[in-house]
Each structure stands twice: as C-alpha cells, then as structure tokens.
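>>> the following comprises the amino acid sequence and a computationally predicted model.
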There are 2 protein chains.
Amino acid sequence: MLYVVGLGLGNEKDVTVKGLEAIRSCDKIYMEAYTSLLSFGLSPEGLSSLEKFYEKPITVADREMVEEKADIFLEEARSLDVAFLVVGDPFGATTHSDLIVRARNLGIDVRVVHNASVMNAVGVCGLQLYRYGETISIPFFTETWRPDSFYEKVKQNRSLGLHTLCLLDIRVKEPSLESLCRGRKVYEPPRFMTVNTAIEQMLEVEKMRGEGAYDERTECVGLARLGSEDQRIVAGSMGQLLGVDLGQPLHCLVIVGQTHPMEEEMLDFYRLHGSSNHETNQSA
Amino acid sequence: MLYVVGLGLGNEKDVTVKGLEAIRSCDKIYMEAYTSLLSFGLSPEGLSSLEKFYEKPITVADREMVEEKADIFLEEARSLDVAFLVVGDPFGATTHSDLIVRARNLGIDVRVVHNASVMNAVGVCGLQLYRYGETISIPFFTETWRPDSFYEKVKQNRSLGLHTLCLLDIRVKEPSLESLCRGRKVYEPPRFMTVNTAIEQMLEVEKMRGEGAYDERTECVGLARLGSEDQRIVAGSMGQLLGVDLGQPLHCLVIVGQTHPMEEEMLDFYRLHGSSNHETNQSA
C-alpha cells in the first residue's frame, strides 16, 4: 500500500489525524525534500523534529529520487506500507500525480490523505476562491530565458474580472550549468522568488508587451509563509508591494480582479495604509 | 479568541492535529450545521461521535444562527476561547468570511486553521488545479427561476481550454414558501443536487442558448463524497454520466477542458469503459 499524505501548510501539526495515523502505521516513510523543507522552514534539525512527532524515521527523497528512482519505493510498496509525505495537498504538483499513476499501473493500492494547499488556503486573503481564473507560474528570468506566457493568462483573467493566483518559482537542488557541462553534478544554492522579484518581472513583461494587462497601480496581495504562525499578508498596488519585504519564503502573489464589498472588507485588514493591519494574527 | 477550524472532508479524523488541539482548548464549540452534517453523512448520533472524538460538547449553529445570531458567539469570543467548526476550509464559503470580518471589526483575535476543501481536493480526479478556470455554482431550477449565468462562464473556460469545477446546490433548512406566507417557519426537507440533475439542467440551458458551449459528448468527471472512504469518481461524457448513480451526497462535477497526457492517464482510472476502474480506493 502507498499512502500519499498531504502535510498541509505551516508546521508538523498541520497533518490531519488520519494522516498521522497512516504515517505511524507505515513501514517506510519518504518525504519529498525539494519543496517540503523550504516550506516548513526546516533545516536538518527540523527534520528530526518531524521524525519525533511522527514517531518514525523519514527518508528524504530529493527531486532526482522522486522523478528518477521512484521504482525503489514503489517496489517496497508492493509488500510494505509506504508513506510518501507531501507539503500541502498530494495533488498540488504534477510530480505526485505521476507517482500515483505509476503506482496504480503497477497494481499498488494508493490511498490519498488530503490537506490544505496554497490553492485553497490563499482564500485567507479574503478574495473568494470561486472568483479566481487560471493559476499562473512565474519562473525566474535568466539572461537568455524570459518566458512571458503568463502574460496572456493574466490579461484574460483581468478582462473577465477574475483574480489571479501567481505561484512563484522555487529552485532547490538545481544542478549548476557549469557542473552539467563537466558531467558531474554540483548544485546551485536554493532560491525562491520573492513577491518583489515577481512584480519586477511582471512589470518588465508589461513594458515589452504594452497591452495594458496590468501596471504599477494594479492591486495585488502578497502572501508569505501561508498557513504558518508568522504568515504575512499585504494588500497594495504593484508599485507599493515592490517596496515591501515579506521576509522568508515561501511567497505567493494574487493579482486582484473585480471585488465584491465583502472582499473589500477583508482586503482592508491587509492594506498597507489601512486603519488596521492584523496580518500577523490570521493563522494559528 | 475565535478559532475558525477547517474540518476537511470525510470524517472526524480529517481534522488537523493543530485544529484538534485548538478545539480541545476551547471553552465553547460551535459547528455550522447546514452543510457540515450532510457532508460528513451525519445524523444526530454522528454528532455525538464527533463530540466524543473532540472530547467537547458541540452546539450546532444552523444557518439562521450563523447569519443572524453570530453576535452571540462573537460576544462570547471576547472573553472566552470559542471554536467555530467548518467543513472543508474556513474560506470555502462567504458566510465564514463574513463572520471573520465581523469578529475583527469587534477587535476579537481570529485564528484560522486551514484544511482540505473541494477547491483543492478535486485534484484527486487527475486534472491539474492550475488548469481550472472560474468555478461555477449550479442552483436548483424551479418552475419560475431557471438562472443560467453559469453558461457564459463555462463557455469562456472551455474556449480557453480550462477545466470547470461546478459546485452543486445544497438546500438544507430552507423555509418552505407556504410557511413564509403564513409567517411561521416550517422547513423543507434537505435536498442536494446530484450530478445527474446538474447535467440535465446544463443540457437544458445549452438547448435554450444554442451557443455550443458543451453538449452530450462533452467529457466530465462526476465526484461523490470527495475525501471519504467511499468516494466515487467517474469520468465520461455528459450523456454517459446522466445514467450513472453516484449515490449519497455531496456531489460535484468537473467539465473537462484541454488535457495533457498525464491528466489523461489519471482520467483513465475513472473512465466508465476504461480497462481499470479504481475509483473506490482513492482515499483513506
């Protein structure tokens, strides 16, 4: 049996009781490293606090392992109970869908334990989830690679009055270009995109395209460490948010569409120059 | 302090450890009745099993109480720790946003405990969440009220190749028209919309509008009791799903947009005439 257990957002106590029981019943526990550790703000010591809470040793599966060596733990799951731990919900990333498809094709029973993910927890900023259009991803621009396919999608969402959730790039354990050329893997230090960088890149694309999808006055919500005790949520124009430091990862960004009065009331709590700014007391 | 605790989907063990600790630490526990009991397949005996698990008595707050009498428990939350329990995630419904706004305006500290909701758990069917357009709601048609504003949204999503999540109407503790006329409240028996009714109504609207947003051949995914042990997921054309009984509530429906190969592989597990149909073993 393969259990794919969503750990939610925040810390080890965001696992569900069902998920915790599944983990504690399993023979082997794997955890995807490349987004998990970062999301939970974990160092290797943090991992041991998870192990203590789960009462089980955890094998960290890095990106290579999940994508290239999944056969190992899928083979184990034929005869043992194996848990694969995922930050957020198991269906937040294509990697996990792939794992589930492979398991099922091998005839392995799969049980999924759901949890919160950025896709629904972003509702905390007050913008109603059913008023979001297509979600976009903003990749780190490089000298030679500045993909702007998100632009059309934002434009489309905004023309429909819809909000846009922007997922920001995470680069963990990326082989360096230099090391790839030499045939030996050396990794770049981890990088995560801030709300500031995302907005900079977006404004650069608007400048190039000039179709008026958005500009410095466009209202946005920047969110950092969603679901954790020190989460921060700030609403303001793109221009304003360029100057706000939301601190440690992970960040995400919402481009605000047409709002209803209730949404406005919620946004008011997070506005930069609002009368009250309660953004730190939103989550336990 | 007001804790707004998402209970997730499925059963009492889908609460997070953080949520459970919050509930157990509170002086008073309220639970919204009008979607919760139905979602958890609960009778009044079911409520006592929740109380046993939470080790706390629960006061069921029906729709009137949440919308009209929230002042009562907001007043309590000034001096006591009060938990308000919500199926799914706290930001799944506008009612809860309203409660949070009111609490904050009264200067009451609010802590939110996130959990899975249909908005992200629907990922289980294999269609990637970032490829969904605007979510629609399908209300029960009556003799005189047949709102079709969802039609434009589906058409828009499909023209963009996006999937559409359709939330289906729930009518619980609705005052009967007759009783409203007499000035004394008598309630209609609870009703929930099935996937079959949703598709019937949608096809009726397509027939009226004739703009070709979808038809009987349009691929859909019907989901019932998402996140529970006996959840069912069936993929097929609208015409096919008309004849499929997904059983007890709650149901929801996804209209499939353009798919990627990975999405197709996942849908294959749920297709009516697929080689394998594992729809019952998806969730623990």
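The structure has been received and is ready for your questions.
>>> okay, now the unreliable bits of chain A?
Within chain A, the ranges that satisfy pLDDT under 70 run A:34-46, A:63, A:173-180, A:184-185, A:274-284.
>>> chain B versus the residue sitting nearest the centre point of it, what's the distance?
Among the residues of chain A, the smallest C-alpha distance to the mean C-alpha position (Cα atoms, centre = their mean) belongs to residue A:118, namely 5.9 Å. Summarising the geometry, the distance separating residue A:118 from chain B, computed by Cβ to the nearest Cβ, to the nearest Å, is 9 Å. Where you see a C-beta, it was placed from the backbone N, CA and C, and this is true even at glycine.
>>> what does the stretch 51-200 of chain A have sitting close to chain B?
Within the stretch 51-200 of chain A, the positions adjacent to chain B are A:89-92, A:94, A:97-98, A:100-101, A:104, A:109-117, A:119-121, A:123-124, A:126, A:128-137, A:156, A:160, A:162, A:167 by Cβ under 8 Å from any Cβ of the partner chain.
>>> next, residue A:137: secondary structure please.
Three states are possible here, and by DSSP: H, G, I helix; E, B strand; the rest coil the one that applies to residue A:137 is strand.
>>> burial count for the residue lying closest to residue A:67 once chain neighbours are set aside?
If you skip the residues right next to it in sequence, residue A:67 has residue A:95 as its closest partner in space, 6.5 Å away by Cβ to Cβ, 6 or more residues apart in numbering or on different chains. A count of neighbours around residue A:95, defined by other Cβ atoms under 10 Å in any protein chain shown, yields 16.
>>> residue A:172 too?
By other Cβ under 10 Å, 18 other residues sit near residue A:172.
>>> wait, residue A:254 touches residue A:165, no?
Yes. Taking Cβ atoms under 8 Å as the contact criterion, residue A:254 and residue A:165 are neighbours in contact, 5.6 Å apart.
>>> neighbour count: the two, which is higher?
The residue with more neighbours, out of residue A:254 and residue A:165 and counting by other Cβ under 10 Å, is residue A:165; that gives 25 against 21.
>>> for the helix or strand where the more buried one lies, packing partners?
Residue A:165 is located in strand A:164-168, with elements delineated by DSSP states H and E. Contact analysis of strand A:164-168 by 3 or more Cβ pairs under 8 Å, 6 or more residues apart in numbering or on different chains; DSSP states H and E lists helix A:118-121, strand A:136-138, helix A:150-159, helix A:195-209, strand A:251-255 as its packing neighbours.
>>> and the angle from the last one to helix A:195-209?
Between the axes of strand A:251-255 and helix A:195-209, defined by axes from the mean of the first three to the mean of the last three Cα atoms, to 10 degrees, the angle is 40 degrees.
>>> re the thing from before, which neighbours does the strand holding residue A:165 have in its sheet, and in what orientation?
Paired with strand A:164-168 in the same sheet, following DSSP bridges, are strand A:136-138 (parallel), strand A:251-255 (antiparallel).
>>> so how far is the last one from its chain's centroid?
In other words, strand A:251-255. 11 Å (Cα atoms, centre = their mean, to the nearest Å).
>>> tell me which residues of the helix or strand just after that strand come out buried.
Secondary structure here is assigned by DSSP H and E; on that basis, the next helix or strand after strand A:251-255 toward the C-terminus is helix A:261-268. Along helix A:261-268, the positions that meet the burial threshold by neighbour count (16 or more other Cβ atoms under 10 Å in any protein chain shown) are A:263, A:265-268.
>>> chain A: strands as residue ranges?
According to DSSP state E, chain A carries its strands in the segments A:2-6, A:28-32, A:59-61, A:82-86, A:110-113, A:136-138, A:164-168, A:170-171, A:191-192, A:219-224, A:232-237, A:251-255.
>>> and the fifth one, what does it pack against?
The helices and strands touching strand A:110-113, judged by 3+ Cβ pairs under 8 Å, 6+ apart, are strand A:2-6, helix A:17-25, helix A:94-105.
>>> quick one, which of these gets closest to residue B:32.
Among these, the nearest to residue B:32 by Cβ to Cβ is helix A:17-25 (20.2 Å).
>>> could you find the closest non-adjacent residue to residue A:228?
Take residue A:228 and drop its neighbours on the chain: the residue closest to it by Cβ to Cβ, 6+ apart is residue A:10, 4.5 Å away.
>>> these two touch, right, the one you found and residue A:229?
Yes. Contact status for residue A:10 versus residue A:229: in contact at 7.2 Å, counting by Cβ under 8 Å.
>>> if I look at residue A:22, how far off is chain B?
Between residue A:22 and chain B the computed distance is 6 Å (Cβ to the nearest Cβ).
>>> ah, wrong one, I meant residue A:239
Taken as Cβ to the nearest Cβ, the spacing of residue A:239 relative to chain B amounts to 27 Å.
>>> so how far is residue A:99 from that residue?
Counting by Cβ to Cβ, to the nearest Å, the gap between residue A:239 and residue A:99 amounts to 42 Å.
>>> show me which of these two is the more surrounded one.
For residue A:239 versus residue A:99, neighbours defined as other Cβ under 10 Å are more numerous around residue A:99 (24 against 14).
>>> test my guess that that one contacts residue A:68.
No. Taking contacts as Cβ under 8 Å, residue A:99 lies outside contact range of residue A:68: 11.9 Å.
>>> and whatever residue of the stretch 101-250 of chain A ends up closest to chain B, how many neighbours does it have?
Residue nearest to chain B within the stretch 101-250 of chain A (Cβ to the nearest Cβ): residue A:123, separated by 2.8 Å. Using other Cβ under 10 Å, residue A:123 has 25 other residues around it.
>>> can you tell me, leaving aside adjacent residues, what's nearest to it?
Closest residue in space to residue A:123, ignoring its immediate chain neighbours: residue B:91 at 2.8 Å, by Cβ to Cβ, 6+ apart.
>>> ok, residue A:12 next?
residue A:53 (4.5 Å).
>>> hmm, residue A:14 and the one you found touching each other?
No. Under the contact definition of Cβ under 8 Å, residue A:53 does not touch residue A:14, with a separation of 11.0 Å.
>>> for the two, work out which one has more neighbours and name it.
Looking at residue A:53 and residue A:14 with other Cβ under 10 Å, you find the greater number of neighbours at residue A:14, namely 27 against 15.
>>> tell me the contacts of the more buried one?
Contact analysis of residue A:14 by Cβ atoms under 8 Å, 6 or more residues apart in numbering or on different chains lists A:7-8, A:115-116, A:227, B:16-18, B:114.
>>> want to throw these into a markdown table with neighbour count?
Supplementary listing: these in a markdown table, determined by neighbours: other Cβ atoms under 10 Å in any protein chain shown:
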| residue | neighbour count |
| --- | --- |
| A:7 | 32 |
| A:8 | 34 |
| A:115 | 34 |
| A:116 | 35 |
| A:227 | 28 |
| B:16 | 29 |
| B:17 | 19 |
| B:18 | 26 |
| B:114 | 32 |
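>>> hang on, the earlier thing: among the helices and strands packed on strand A:110-113, show me which one is buried the most.
Among the helices and strands packed on strand A:110-113, ranked by average contacts under mean count of other Cβ atoms under 10 Å in any protein chain shown, first place goes to strand A:2-6 (a mean of 27).
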